[in-house]
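# Dropping a prediction and its sequence here:
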Amino acid sequence: MSRGLLWWSRSSGVPRGYDPLVAGRGFDAPPEKGRQGAKRTLEGGTRSGSPSKLALIVRKQNMRKSEENFPVFRKRRYVVHVDLDAFFASVEVLLNPELKGKPLVVGGLPHERGVASTCSYEARKYGVHSGMPLRQCYKLCPRAVFVRGNYHLYQAFSEKFFRLLHEYTPDVEEASLDEAYLEFTRCRHLYSSFSEVAKEIKCRVEKELGLGVSVGAASNKILAKLATKKAKPGGFFELQPGEEEEFLRELDISEIPGIGPKAQVMLRLLNVHKIADLWKLQLGTLRSLFGVMGDELYLLSRGMDCRSLAVEGKPKSFSREATFLQDIWDRDLLLAHLAYLCDRLALTLRQEKYYARVIEVKARYSDFKTVSRRRVLSLPVQETNRIYRLAEELFLELWEGSRLALRLVGVKGSELVEARHLSLFEIYSEREERLSQALDRVRGKYGFNALLTVREKMLSGVYDEDRGRGFILKTASLTR
Ligand code: TTP
Ligand code: MG
């Protein structure tokens with residue numbers, strides 16, 4: 001049998017060429033001689049012998065990576081992962097203490113379309129989870145309290161959360177609205193004990209934000225994140241060096257970031273359910289199954305992660321989208337939504353001082369089919385009118401042919417740049433820029449909805465308004 005060659009057996013669904021007897025030898029393993037009976041360890045070495053070549057390469061890589069970022073220290077990294085518990089639901093409970101201890105679903109009312117943004121831990125006992133259609137949540141837990149949610153409020157809590165975290169170290173990666181990695185390797189001399197700092201952060205978040213939080217501490221990002229998962233809800237878990245193998249062994253493969261539902265199906269067909277099962281697969285097998293991702297999977301499953309924190313805080317994109325209360329086919333009403341979302345997106349771009357080089361429009365039909373169109377621009381944009389004109393063009397291109405009812409539209413600005421260089425060959429007028437600046441000034445003083453276009457005004461009859469913040473959409477997106 002040739003190693004590295006893999007083809008599918010129709011009868012078993014298991015790749016032929018995959019031999020469990022050979023599995024367990026790393027890609028770097030020498031031919032069989034002298035290897036039989038040697039038990040593989042997490043580090044890719046053998047219990048009886050020295051670490052394998054792979055382990056040495058990884059260690060070297062780790063060292064080089066950390067040298068780039070932390071030139072002085074060659075010791076263990078110290079990474080803390082912090083994640084708020086049932087974030088949106090916890091904010092709701094904070095505002096309305098009567099909800100405490102009750103199953104709570106955030107995202108809409110039971111009869112409404114759309115999905116749950118999140119739910120309290122009491123609701124999770126019934127099988128309810130984020131992303132589940134609201135009607136299904138209701139079926140599973142009819143006595144749950146359902147709330148639509150207030151996204152502006154969650155954003156305000158999120159900002160306060162990150163401000164607090166930034167007090168402790170300059171190396172903070174804001175991974176999502178309620179989740180961050182903090183690295184203390186660089187400022188290790190400031191603290192006598194890292195676990196004490198991690199615990200202090202946990203206490204302060206609970207006290208100053210009034211929200212439950214879970215904290216994990218380990219020597220890299222993946223282990224810290226998995227430690228937080230173990231600590232949830234409301235706990236602190238620190239993974240000590242040397243404990244990695246035992247910690248990872250029994251975890252389900254779905255815990256590894258990057259193993260999505262499709263990959264899980266494939267792995268489970270190979271009888272790989274736990275992370276320890278994954279260790280038995282050769283790198284070559286993982287490569288055949290997942291391409292370049294196979295390498296990452298091989299390392300992450302062994303708790304090896306040399307990724308540094310994305311601390312610059314530079315976002316990759318900003319997007320705004322809305323799921324409608326009912327499917328919409330009316331062209332003007334669709335464009336009204338699009339205009340409002342573009343307006344919000346443009347405002348964010350200006351507030352964050354970015355220009356977008358790519359504008360993308362997304363539409364979801366009533367049958368959930370999702371389509372998108374994007375345009376790469378030679379002149380990056382942040383002006384409301386420029387963004388809307390482009391978005392309208394893209395939207396009509398993708399929608400007018402079908403004229404089907406839609407359940408969602410969205411607009412995204414990506415490939416962000418901090419300054420734009422005007423081209424000699426580009427016709428450019430400052431008018432739009434000045435108009436946007438004037439718009440921001442008025443809105444800064446009188447609130448977002450103080451100035452709306454006639455098109456946007458159509459939404460007044462559809463949604464409630466928060467004069468300062470705009471319309472209260474059903475699923476306002478807060479993605480960065
Ligand atoms: P998560 O941190 O994934 O979830 P959570 O904080 O609600 O619960 P956990 O204790 O497991 O961390 O997401 C943070 C918030 O992001 C969540 O409260 C709601 C929002 N969210 C969505 O809107 N849609 C989603 O699909 C998910 C996963 C989260
Ligand atoms: Mg959370």
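Yep, it's here. Numbering: from 1, shown residues only. Ligands and ions are numbered 1, 2, ... in the order given.
# need the next SSE after the longest helix that the chain contains, C-terminal direction.
Longest helix of the chain, by residue count under DSSP state H: helix 331-352. With elements assigned by DSSP states H and E, the helix or strand that comes after helix 331-352 is strand 355-365.
# Check which helices and strands that following strand sits against.
Contacts defined by 3 or more C-beta pairs under 8 Å, 6 or more residues apart in numbering; DSSP states H and E place strand 355-365 against strand 317-328, helix 331-352, strand 370-381, helix 384-399, strand 406-417. Just so you know, the C-beta spots here come from the backbone N, C-alpha and C atoms, and that holds for glycine as well.
# before we move on, back to that, what's the average pLDDT for the longest helix of the chain?
For helix 331-352, mean pLDDT rounds to 94.
# could you say what helices and strands it packs with?
By 3+ C-beta pairs under 8 Å, 6+ apart, helix 331-352 packs against strand 317-328, strand 355-365, helix 384-399, strand 406-417, helix 431-446, helix 454-457, strand 470-471.
# Please repeat the previous calculation with a cut-off of 7 Å.
strand 317-328, helix 384-399, strand 406-417, helix 431-446, helix 454-457 (3 or more C-beta pairs under 7 Å, 6 or more residues apart in numbering; DSSP states H and E).
# re the thing from before, for the helices and strands packed on strand 355-365, which one sits closest to Tyr168?
Of all those, helix 331-352 sits nearest to Tyr168, with 23.3 Å by C-beta to C-beta.
# who's in contact with that closest one?
When contacts are defined by C-beta atoms under 7 Å, 6 or more residues apart in numbering, helix 331-352 is touched by residues 318, 320-322, 328, 355-356, 382-384, 387-388, 391-392, 395, 406, 409-411, 413, 436, 440, 453, 455-456, 458-459, 470-471.
# quick one, that helix and strand 317-328 angle?
160 degrees (axes from the mean of the first three to the mean of the last three C-alpha atoms, to 10 degrees).
# since we're on Thr303, how many residues are nearby?
One correction, residue 303 is Gly, not Thr. 21 (other C-beta atoms under 10 Å).
# What's the local residue count around the residue lying closest to it once chain neighbours are set aside?
Distances taken as C-beta to C-beta, 6 or more residues apart in numbering put Glu244 closest to Gly303, at 4.3 Å, once the chain neighbours are dropped. Neighbourhood size, Glu244 [other C-beta under 10 Å]: 20.
# And for Phe194?
Phe194 has 18 nearby residues by other C-beta under 10 Å.
# confidence score at Leu209?
On the pLDDT scale, Leu209 gets 97.
# hmm, who's touching stretch 374-382?
So stretch 374-382 is contacted by 346, 349-350, 354-360, 387, 390, 394, 417, 420, 423, 426, 428 (C-beta under 7 Å, 6+ apart).
# and that stretch, what's its mean pLDDT?
Rounded mean pLDDT across stretch 374-382 is 88.
# For the closest residue in space to Ala89 that isn't next to it in sequence, which residues are in contact?
Leaving aside its chain neighbours, Ala89 sits nearest to Ser120 (4.4 Å; criterion: C-beta to C-beta, 6+ apart). Contact analysis of Ser120 by C-beta under 7 Å, 6+ apart lists 86, 89, 103-104.
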